[in-house]
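Q: coordinates only, sequence not included:
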């Protein structure tokens, strides 16, 4: 179960917050009532595996954002040839 902890509680009682995270699972850290960070206990797989998983999640989020932007601006349906033309035009502008 995910629970919430304020940034103030985290700064005043970091040990308690960390213990709660280990016992109860992920914690959403809030700042001024808004989510600011996500604390997740280290899994049995180890920190390296956890970091790789987080990287893959972030990559998925980036891809989703790119797809949403493409759908929004109408470029989602471009053919490969149209994409190549756009790339060439952008490269010409950089020179």
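A: Received it, and whenever you're ready, just let me know what you need. Here the structure is a predicted model, which is why all the values come from computation and not from measurement.

Q: mind listing the helices for this structure?
A: Under the criterion DSSP state H, helices of the chain are mapped to 7-12, 14-24, 47-73, 80-94.

Q: For the second one, list every residue counted as buried.
A: To tie it back to what came earlier, the one meant is helix 14-24. By neighbour count with 16 or more other Cβ atoms under 10 Å, helix 14-24 contains the buried residues 17, 20-21. In this view, the C-beta of every residue, glycine as well, is placed from N, C-alpha and C.

Q: now the helices of the chain as CSV including mean pLDDT and distance to residue 37?
A: Putting those into CSV (pLDDT from 0 to 100; distance: least, Cβ to Cβ, whole Å) gives the following:
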stretch, mean pLDDT, distance to residue 37
helix 7-12, 96, 8
helix 14-24, 94, 11
helix 47-73, 94, 12
helix 80-94, 91, 35
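
Q: Spell out which residues make up each domain of this protein.
A: Per automatic domain parsing, the structural domains of the chain span 3-39, 47-94.

Q: Need the distance between the two termini of the last one.
A: The reference is to domain 47-94. 41 Å (Cα to Cα, to the nearest Å).

Q: How far off centre is that domain?
A: 15 Å (Cα atoms, centre = their mean, to the nearest Å).
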